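**Q** Sequence plus predicted model, see below.
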Amino acid sequence: MNLTRKPTRRGVTAALTVAVAASLGAAGAGASSAGASSAGTTAPQTRQIASSTLGSDYRITLTALRSPEDEYAASVRLQVFTQSGGAWKETDRVTVGDVDGWFWYPLTGKGAVCAFSTASTEPAPLTVSLLLTPSLGCSEPAHYTVKEGRVYAG
């Protein structure tokens, strides 16, 4: 009686299928946990959409921040910088409109900034209007005032 058996084609196929499934499952688990850990630490995609320097007093920027939850949504950050020790230092920031209240593609495309006006006065008036979508057109102007490096609504 021969106790050694030759593996059959069906047995080899089943063993390979189990081995491949196990390795794919392990790789998938590693990839999903790596993605989850890196997603929490990855900074959102950003794009500066406007900037203005008011003499040596202020630099004001508008930056689009892509939503980490919705690839089509974005927020807009308005930042104020003042000169300090020969470098620009952020002194204030506000969100223009609602968080994730803008669309990423129109906001980062051609014609995204409908109005961005500033003046070199103290306080400095600031007006922002951005493209909602090509079919909807521009947002209502948002008015701000920059005083002593801080942003105030109105």
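**A** Yep, that arrived.
**Q** Tyr105 belongs to a helix, doesn't it?
**A** Yes. Under DSSP: H, G, I helix; E, B strand; the rest coil, Tyr105 sits within a helix.
**Q** ok, now which ones touch it?
**A** Residues in contact with Tyr105 (CB atoms under 8 Å, 6 or more residues apart in numbering) are Tyr72. Backbone N, C-alpha and C define where each C-beta goes, glycine included.
**Q** tally of neighbours for Val151?
**A** 19 (other CB atoms under 10 Å).
**Q** Name the residues of the strand of greatest length in the chain that are buried.
**A** In the chain, assigned by DSSP state E, the strand with the most residues is strand 73-84. Neighbour-count burial for strand 73-84, counted by 16 or more other CB atoms under 10 Å, picks out Ala73, Ala74, Ser75, Val76, Arg77, Leu78, Gln79, Val80, Phe81, Thr82.
**Q** For Phe103, see how far away Ser75 is.
**A** Taking CB to CB, to the nearest Å as the measure, Ser75 falls 11 Å from Phe103.
**Q** Worst mean pLDDT across the helices and strands of this protein, which element?
**A** helix 9-41 (a mean of 38; mean pLDDT, DSSP states H and E).
**Q** Let me have the buried residues of strand 73-84 in a markdown table, adding pLDDT and distance to Tyr58 as columns.
**A** What follows is the buried residues of strand 73-84, written out as a markdown table (pLDDT from 0 to 100; distance: CB to CB, whole Å):
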| residue | pLDDT | distance to Tyr58 |
| --- | --- | --- |
| Ala73 | 97 | 29 |
| Ala74 | 97 | 24 |
| Ser75 | 97 | 22 |
| Val76 | 97 | 18 |
| Arg77 | 97 | 16 |
| Leu78 | 97 | 12 |
| Gln79 | 97 | 10 |
| Val80 | 96 | 6 |
| Phe81 | 96 | 7 |
| Thr82 | 93 | 6 |
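**Q** Done for today, thanks.
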